[in-house]
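> give me a 3D structure for the following:
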Amino acid sequence: MRKMSIADLHLKGKRVLIRVDFNVPLNEKQEVTDDTRIRAALPTIRHAMGQGAKVLLVSHLGRPKGKVVPAMSLGPVALRLSQLLGAPVRMAPDCIGDAVTAAAAGLQPGQVLMLENCRFHAGDEKNDEGMSRALAELCDVFVNDAFGAAHRAHASTVGVAKFAPVAAAGFLMAKEVEVLGRVLTDPARPFVAVLGGAKVSDKIGVLKNLATKVTALLVGGGMAYTFLKAQGMEVGASLLEADKLAVARTVLDKARAKGVTFLLPMDHVIAERAEATAATRVADSTAIPAGWMGLDIGPKARQAFATVIRGARTIVWNGPMGVFELAPFREGTFAVARAIAASGATSIVGGGDSVAAVTQAGVADKMTHISTGGGASVEFLEGIELPGVAALTDKP
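As a prediction, this is how the structure comes out:
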């Protein structure tokens, strides 16, 4: 990576402000129910502590919309982090202001202070200069380890980097940029992209960018029906973006012109309602009846997708193959997860639904890299430079 990394810096005795992504789920008892994102930041936090830095952590949680919402306090996260670190984590009353400055001043080398939810201030999402400067004044070094928020130009990701003496990537951020960057610039071939999810509109940039780079593009999920309709097929009551048919044809033409294999499902699990109790049947792409909707890829599609996946050396997967939250429509997504796990290829999984799918399928440990950034990984794969990465200090 061409940007400064935390590994490049001497941190002893310095105040190090680390932007982490601790946007984790809490239950009604205010307990963290999934600490994956906290664990992902531990290497960076432990490195700073071990170097004798005075560590300050800043994150958002939920969408408080610029107001103090007690249920979205980072207090429970600080408690869980202290358990994982085996060391106390102090909790600040805010993320900026005199009380925070005083709390930061009282830190000893190796100690950790969690700042309160940065989105309790409207200035964060507005990338407000005053808030950016206030955050920067808390530190000698700013470290961004929140890849999941790197596509947002906020005060806590971009603005603070402008005013801090130096801005570097944490280990998680550096790994995400390196792994995803290699996929776009120098992937081992055959290179297969598996894209799913509900809408073509959510993935237009990724589709256009990858259509010129991959060996094969496998498309499932709701977005497949827009592509099938673009080829003249009837899709019944399946999800359809009629205003994106021209885009779908452009992507198809682009892929074919490059000699890319573009595979759509040839059969589907269909139902009249997207409900767990709905009656289902399997139908070919040419025979989806009026009033019925495709809610998962069918057995023939699963086999065809698995065959292409089996021959890959690099695989990127973003988005489920159907409404996998409902038991009758999850098998296509799970079949893809198992095929990728068994492929032996370098596998990169991005997007919350895909990550949940590989976990539920019991194959998360078989994936080479599971991205912590849903929207950020999508934008990166579009070829867009992420604001949170661009703001970091360049290596000399």
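> I figured residue 14 hits residue 142, correct?
No - applying Cβ atoms under 8 Å as the test, residue 14 and residue 142 come out as separate, 10.8 Å apart. In this view, the C-beta of every residue, glycine as well, is placed from N, C-alpha and C.
> the more surrounded of the two?
Set residue 14 next to residue 142 and count neighbours by other Cβ atoms under 10 Å: residue 142 wins out with 29 against 19.
> which residues touch that one?
By Cβ atoms under 8 Å, 6 or more residues apart in numbering, residue 142 lies in contact with 16-17, 19, 135-136, 160-161, 164, 166-168.
> and these as JSON lines, adding distance to residue 62 and pLDDT?
Shown next, in JSON lines, are the contacts of residue 142 (distance: Cβ to Cβ, whole Å; pLDDT from 0 to 100):
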{"residue": "16", "distance to residue 62": "25", "pLDDT": "98"}
{"residue": "17", "distance to residue 62": "21", "pLDDT": "98"}
{"residue": "19", "distance to residue 62": "17", "pLDDT": "98"}
{"residue": "135", "distance to residue 62": "19", "pLDDT": "98"}
{"residue": "136", "distance to residue 62": "25", "pLDDT": "98"}
{"residue": "160", "distance to residue 62": "21", "pLDDT": "98"}
{"residue": "161", "distance to residue 62": "23", "pLDDT": "98"}
{"residue": "164", "distance to residue 62": "26", "pLDDT": "98"}
{"residue": "166", "distance to residue 62": "30", "pLDDT": "98"}
{"residue": "167", "distance to residue 62": "26", "pLDDT": "98"}
{"residue": "168", "distance to residue 62": "27", "pLDDT": "98"}
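> report the two of these separated the most.
Based on Cβ to Cβ, the longest span within these runs between 135 and 168 and measures 15.2 Å.
> pLDDT below threshold where in the stretch 151-300 of the chain?
Applying pLDDT under 70 to the stretch 151-300 of the chain picks out no residues at all.
> grab the nearest non-local neighbour of residue 16.
Closest residue to residue 16 apart from its sequence neighbours, by Cβ to Cβ, 6 or more residues apart in numbering: residue 53 at 4.2 Å.
> let me see the contact set for that neighbour.
11-16, 109-110, 141.
> and which of those is nearest residue 360?
Distance to residue 360, by Cβ to Cβ, is smallest for residue 16 among the contacts of residue 53, at 36.5 Å.
> against which helices or strands is the host helix or strand of the closest one packed?
Assigned by DSSP states H and E, residue 16 belongs to strand 15-19. Applying 3 or more Cβ pairs under 8 Å, 6 or more residues apart in numbering; DSSP states H and E, we find strand 15-19 packed against helix 36-50, strand 54-58, strand 141-144.
> let's see if you can find the most crowded of the contacts of residue 53.
residue 16 (26 neighbours).
> mind giving me the domain split of this structure?
6-172, 179-381 (automatic domain parsing).
> how about the ones you listed, which one is nearest residue 388?
domain 6-172 (3.3 Å).
> endpoints of that closest one, how far apart?
10 Å (Cα to Cα, to the nearest Å).
> rewinding a little: save the helices and strands packed on strand 15-19 as a markdown table, and put in distance to residue 348 and mean pLDDT too.
Output for these, formatted as a markdown table (distance: least, Cβ to Cβ, whole Å; pLDDT from 0 to 100):
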| stretch | distance to residue 348 | mean pLDDT |
| --- | --- | --- |
| helix 36-50 | 15 | 96 |
| strand 54-58 | 27 | 98 |
| strand 141-144 | 21 | 98 |
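> can I get these in JSON lines with distance to residue 195?
JSON lines is the format used below for these (distance: least, Cβ to Cβ, whole Å):
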{"stretch": "helix 36-50", "distance to residue 195": "23"}
{"stretch": "strand 54-58", "distance to residue 195": "33"}
{"stretch": "strand 141-144", "distance to residue 195": "28"}
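> minimum distance to residue 81: which of the ones you listed has it?
Here helix 36-50 is closest among the helices and strands packed on strand 15-19 (Cβ to Cβ), at 5.7 Å.
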